[in-house]
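S.K.: what follows is a predicted protein model with its sequence.
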Amino acid sequence: MGDTGAIVGTSPGNKSEQTIVCYAPTMITTNGIWQGDNPLDYSLPLFILQLTLVVVTTRILVFLLKPLRQPRVISEILGGIILGPSVLGRSSNFANTIFPLRSVMVLETMANVGLLYFLFLVGVEMDIGVIKRTGKRAIAIAISGMILPFLIGVAFAFILHHSVEFVKLSTFILFLGVALSVTAFPVLARILAELKLLNTDIGRLAMSSALINDICAWILLAFAIALAENEAMSLASLWVILSSAVFVVFCVYVIRPIIAWMIRRSPEGEAISEFYICLILTGVMISGFITDAIGTHSVFGAFVFGLVIPNGPLGVTLIERLEDFVSGLLLPLFFAISGLKTDVSSITGVGTWALLAVVIILACAGKVAGTLLVTLYYKMPFQEGLTLGLLMNAKGLVEMIVLNVGKDQKVLDDKAFAIMVLVALVMTAVVTPVVTHIYKPARKHAPYKRRTVQRAKPDGEFRVLVCVHTPRNVPTIINLLEASHPTKKSPICTYVLHLVELTGRASAMLIVHTTRKSGRPALNRTQAQSDHIIHAFENFEQHSGFVSVNPLTAISPYSTMHEDICDVAEDKRVALIIIPFHKQQTVDGGMEATNPAIRTINQNVLANAPCSVGILVDRGLTGSTRLAANQIAHSVAVLFFGGADDREALAYGWRMCEHPGINLTVMRFVPGDNVVGEGSRHSRGGEGGGGGEMLRVSTDHDDRQKQVDEDYINEFRARTANDASVVYAERLVNHGEETVAVIRSIDPVHDLFIVGRGEGVTSPLTAGLTDWSECPELGPIGDLLASSDFAATYSVVVVQQYVGIEAIGDAMVGTPDSPNPQHDPFDEQPHRRQSPRGHAVFQPQP
């Protein structure tokens with residue numbers, strides 16, 4: 001939009017004092033700087049520059065605020081405020097060059113297109129069915145959490161109203177009330193996932209309440225706009241409200257069946273056709289046009305249109321097509337415009353700033369108090385009620401729309417607008433830090449002893465936590481569980497934890513197995529994958545007796561995912577965690593890394609696990625659970641060098657060998673006569689310290705460990721002496737090369753190797769093997785068996801035994817988090833899994 005000239009009427013007959021801005025079609029694109037044109041005088045290059053600036057600013061802020069765990073909305077609004085008149089816009093050169101008045105129309109139009117599609121997506125992702133299933137508690141929390149802040153908004157409206165006399169008080173009240181009482185559903189979902197509360201009861205309750213709150217806010221917003229556009233509460237307002245209701249009914253009873261018909265027309269399992277997708281995307285525009293024409297905001301139409309789209313593959317396709325473009329590029333524009341309209345300098349005087357502080361405190365307190373009353377009525381703990389109240393303070397999109405409409409309709413002046421934007425900003429910003437500080441979920445874990453396979457009762461339940469990233473590992477894990485010999489005396493209780501990376505996308509959030517009815521279509525690709533994995537395990541549960549499967553999902557950033565795994569293991573009191581190796585087998589038999597972040601997770605789990613850990617190197621484990629349970633045929637080999645991890649590996653192999661379809665070979669490596677130097681042992685943290693005395697302790701410890709190894713092997717041999725399916729062999733080796741040669745010579749009939757990780761043990765039998773190891777976390781032997789040059793068709797389980805306080809003797813029981821207060825005479829063994837949770841955290845290598 002260029003203004004080719006301002007024409008002011010001056011003829012006596014035409015006394016118009018208005019400035020007419022002419023539109024020049026040539027002012028869209030530039031002829032180029034070589035023609036002497038300034039690109040910023042033309043609307044397209046200017047728009048591109050503005051968009052780039054906004055996106056870059058918000059991204060930098062997202063990065064800077066990440067340590068404070070702030071939702072993205074904060075960065076987007078702050079970015080706008082920084083670019084606007086409050087900070088950079090104070091320089092008139094910057095404001096007139098980058099954000100001149102003539103460019104605002106293009107910016108606002110594009111921002112509203114982005115907003116239109118984003119709210120359409122929010123509608124698609126919202127599952128109204130959740131409301132039906134939540135019950136009275138969530139509805140009560142949502143409503144009470146709206147009423148008090150609404151009343152505070154009313155009081156605040158009376159105080160501010162004297163400065164905006166030209167607006168009807170009732171309209172002003174409605175706008176401020178709605179702005180203070182809404183809760184942003186997408187922002188809350190993001191915060192809950194960040195705080196790892198998404199799968200907890202309080203998280204589900206907060207999500208349901210926010211959803212109800214959001215929908216109430218939309219209804220109120222429609223009313224507020226209808227009233228704002230008509231000075232008097234005339235028939236026009238009534239028509240606006242009635243026609244909006246008709247539009248909603250039309251969407252539900254006409255549009256929804258048409259979309260359902262489209263879905264039925266698409267063949268099962270195939271992508272929805274481009275034609276239908278285009279129709280729906282056009283439908284968003286038409287809905288926006290209709291509601292705008294009616295007199296409510298165009299986004300209202302898009303939101304309702306999104307709500308009527310049934311959950312399923314269509315929703316997935318739409319979300320995947322639009323989400324990154326809309327929320328990454330166009331949506332920040334809308335927040336930036338809100339920031340550009342916010343002039344913090346318009347809030348002058350101590351009184352106004354004091355008023356701002358009062359409003360923030362009162363609005364927060366109103367939400368918290370309203371929510372607390374209901375939670376106390378339902379006899380929930382005070383701490384949980386307080387947390388819920390704080391969580392409901394998350395503000396975001398709806399609030400910004402309310403404020404922008406208010407500003408455009410001249411309901412809010414600059415001062416009121418700036419105050420309200422800051423209120424929204426502060427209220428949302430404090431949620432995460434305060435909740436983190438206040439809400440520490442009560443650890444209901446009683447200390448438990450059976451944290452290892454070796455200590456698990458032979459006639460008791462065997463609890464295993466299985467971690468799955470993709471469906472690819474599922475068949476091998478299922479066969480491994482089947483081989484672990486579930487029986488009536490010792491059933492296997494399996495917790496299947498599907499690990500999902502938390503990204504900025506809202507669609508990754510909505511996975512909670514308990515609230516979803518089976519048989520309903522998945523909402524997005526992640527959930528479809530989750531369903532696939534769970535279905536496989538449930539199928540296994542039905543076909544094999546004595547196995548129970550409990551599906552869980554962990555949604556968190558890769559950097560903290562190990563905390564979820566360790567917490568679930570502790571909570572469910574499991575004896576063994578099975579995690580997949582970060583490399584997958586390729587077609588030619590080599591191994592390639594699929595996702596380097598998985599390696600970091602594995603290292604962190606090994607360092608912090610509250611029980612034993614097995615890393616599964618998956619090269620396929622044949623055998624079908626479809627056959628009768630006793631027909632499964634595996635040859636399992638356990639390589640035994642000595643030490644706690646090897647005893648754990650032997651214990652797991654021992655459990656397997658009771659399975660009628662499994663042949664077990666235990667190969668013990670014994671130092672030969674020419675062995676170089678005696679084995680020494682060091683703890684993970686105790687290198688290079690100590691002196692002669694330290695060495696003596698270590699040697700005593702070694703002797704005791706050797707004795708324990710010897711006793712365990714003897715017990716194993718005595719118990720399995722008459723078992724034809726068990727072969728025990730000893731090999732004399734002197735150094736690492738001989739060890740490798742022996743392992744290479746093992747009969748290729750085996751399809752599963754179980755080896756100890758050997759952490760804390762330096763044996764002369766594996767000397768030199770660590771020098772060229774690719775993955776030290778597997779230990780020397782595990783790394784050797786998992787390496788690509790070992791062209792092999794067997795899977796490997798590398799086991800690390802949990803060595804904590806209570807693994808020493810039954811007399812003393814502690815949890816991995818509790819330090820050992822009194823000194824135990826036998827407590828010289830290295831507590832290598834004793835690092836306080838979260839301290840031994842590996843960062844991914846750049």
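M.R.: Sure, I can see it.

S.K.: any idea how far Arg472 is from the spatially most central residue of the chain?
M.R.: By Cα atoms, centre = their mean, the chain has its centre lying nearest to Leu502, at 2.8 Å. Taking Cβ to Cβ, to the nearest Å as the measure, Leu502 falls 21 Å from Arg472. In this view, the C-beta of every residue, glycine as well, is placed from N, C-alpha and C.

S.K.: you'd agree Leu497 is in a helix?
M.R.: No: counting by DSSP: H, G, I helix; E, B strand; the rest coil, Leu497 is not found in a helix; it is strand.

S.K.: touching, it and His469? I think so.
M.R.: No: look at Leu497 against His469 with Cβ atoms under 8 Å: they stay out of range, at 10.1 Å.

S.K.: on that earlier part again, quick one: contacts for the residue nearest to the centre of the chain?
M.R.: By Cβ atoms under 8 Å, 6 or more residues apart in numbering, the contact list for Leu502 reads Ala193, Glu194, Ala508, Ile555, Ser556, Pro557.

S.K.: which of the residues you listed lies closest to Ile77?
M.R.: Relative to Ile77, the closest of the contacts of Leu502 is Glu194; by Cβ to Cβ it sits at 17.9 Å.

S.K.: distance of that closest one from Val122?
M.R.: For Glu194, the distance to Val122 - Cβ to Cβ - is 19 Å.

S.K.: ranges for the strands of the stretch 701-846 of the chain?
M.R.: Using DSSP state E, counting those that start in this stretch, the strands found in the stretch 701-846 of the chain span residues 726-733, 752-756, 761-762, 795-800.

S.K.: so for the third one, mean pLDDT?
M.R.: Taken as a whole, strand 761-762 has a mean pLDDT of 74.

S.K.: now do it: distance to the chain's middle.
M.R.: Strand 761-762 sits 38 Å away from the centroid of its parent chain (Cα atoms, centre = their mean, to the nearest Å).

S.K.: other SSEs contacting that strand?
M.R.: Applying 3 or more Cβ pairs under 8 Å, 6 or more residues apart in numbering; DSSP states H and E, one finds that strand 761-762 contacts strand 680-681.

S.K.: now the stretch 151-300 of the chain, which segments are flagged as low pLDDT?
M.R.: For the stretch 151-300 of the chain, the stretches flagged by pLDDT under 70 are 162-167, 199, 229-234, 268-269.

S.K.: the same query, at a cut-off of 80, please.
M.R.: For the stretch 151-300 of the chain, residues meeting the criterion pLDDT under 80 lie at 159-172, 186, 189-190, 193-194, 196-201, 204, 222-236, 266-271.

S.K.: what about the helices in it?
M.R.: 169-181, 185-194, 201-228, 235-250, 256-265, 274-294, 298-307 (DSSP state H, counting those that start in this stretch).

S.K.: closest one to Gln705 among these?
M.R.: Among these, helix 185-194 sits nearest to Gln705 (Cβ to Cβ), with 43.5 Å.

S.K.: could you check the angle that closest one makes with helix 201-228?
M.R.: Interaxial angle of helix 185-194 relative to helix 201-228 (axes from the mean of the first three to the mean of the last three Cα atoms, to 10 degrees): 160 degrees.

S.K.: contacts for helix 185-194 next, please.
M.R.: Outside helix 185-194, the residues that touch it by Cβ under 8 Å, 6+ apart are 69, 71-73, 122, 126, 198, 203, 206-207, 210-211, 213-214, 391-392, 394-397, 428, 431-432, 435, 502, 504, 506, 509-510, 555-556.

S.K.: and that helix, how far out from the chain's middle?
M.R.: Per Cα atoms, centre = their mean, the displacement of helix 185-194 from the mean C-alpha position of its chain is 9 Å.

S.K.: only alpha carbons, please: show it as CSV.
M.R.: Provided in CSV are the C-alpha atoms of helix 185-194 (Å, rounded to 0.1, in the frame of the first residue of the first chain):
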residue,chain,number,x,y,z
PHE,A,185,-6.0,-24.7,27.0
PRO,A,186,-3.0,-25.0,24.6
VAL,A,187,-0.7,-23.1,26.9
LEU,A,188,-1.8,-25.2,29.9
ALA,A,189,-1.2,-28.4,28.0
ARG,A,190,2.4,-27.3,27.3
ILE,A,191,3.1,-26.3,30.9
LEU,A,192,1.7,-29.6,32.3
ALA,A,193,3.9,-31.6,30.0
GLU,A,194,6.9,-29.5,30.9
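
S.K.: show me where the stretch 601-750 of the chain has helices.
M.R.: Ranges of helices in the stretch 601-750 of the chain, per DSSP H, counting those that start in this stretch, are 644-657, 692-719, 736-745.

S.K.: now the angle from the shortest one to strand 752-756?
M.R.: Using the same axes, to 10 degrees, the interaxial angle of helix 736-745 with respect to strand 752-756 works out to 160 degrees.

S.K.: check the offset of helix 736-745 from the chain's centre.
M.R.: Here helix 736-745 is found 44 Å from its chain centre; the criterion is Cα atoms, centre = their mean.

S.K.: next, the buried residues of it.
M.R.: Gly736, Glu738, Thr739, Val740, Val742, Ile743 (16 or more other Cβ atoms under 10 Å).

S.K.: now do the second one
M.R.: Buried residues in helix 692-719, counting neighbours by 16+ other Cβ under 10 Å, are found at Ser698, His701, Asp702, Gln705, Asp709, Tyr712, Ile713, Phe716.

S.K.: enumerate every residue touching Phe581.
M.R.: For Phe581, the contacting residues are Asn602, Ile615, Leu616, Val617, Asp618, Leu778, Ala786, by Cβ under 8 Å, 6+ apart.

S.K.: in PyMOL, select just the buried ones from the contacts of Leu502.
M.R.: Per 16+ other Cβ under 10 Å, the buried members of those correspond to this PyMOL selection:
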select buried, resi 193+194+508+555+556
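
S.K.: spatially, which two of the contacts of Leu502 are the most separated?
M.R.: Farthest apart among the contacts of Leu502 by Cβ to Cβ are Glu194 and Ala508. That separation is 12.4 Å.

S.K.: if we can go back for a sec, got a markdown table for the buried residues of helix 692-719, with pLDDT and distance to Gly370 too?
M.R.: Below are the buried residues of helix 692-719 laid out as a markdown table (pLDDT from 0 to 100; distance: Cβ to Cβ, whole Å):
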| residue | pLDDT | distance to Gly370 |
| --- | --- | --- |
| Ser698 | 49 | 63 |
| His701 | 74 | 61 |
| Asp702 | 78 | 65 |
| Gln705 | 85 | 61 |
| Asp709 | 90 | 64 |
| Tyr712 | 92 | 61 |
| Ile713 | 93 | 66 |
| Phe716 | 91 | 64 |
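
S.K.: JSON lines for these, including distance to Pro332?
M.R.: As requested, the buried residues of helix 692-719 are exported to JSON lines (distance: Cβ to Cβ, whole Å):
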{"residue": "Ser698", "distance to Pro332": "59"}
{"residue": "His701", "distance to Pro332": "60"}
{"residue": "Asp702", "distance to Pro332": "62"}
{"residue": "Gln705", "distance to Pro332": "60"}
{"residue": "Asp709", "distance to Pro332": "62"}
{"residue": "Tyr712", "distance to Pro332": "62"}
{"residue": "Ile713", "distance to Pro332": "64"}
{"residue": "Phe716", "distance to Pro332": "63"}
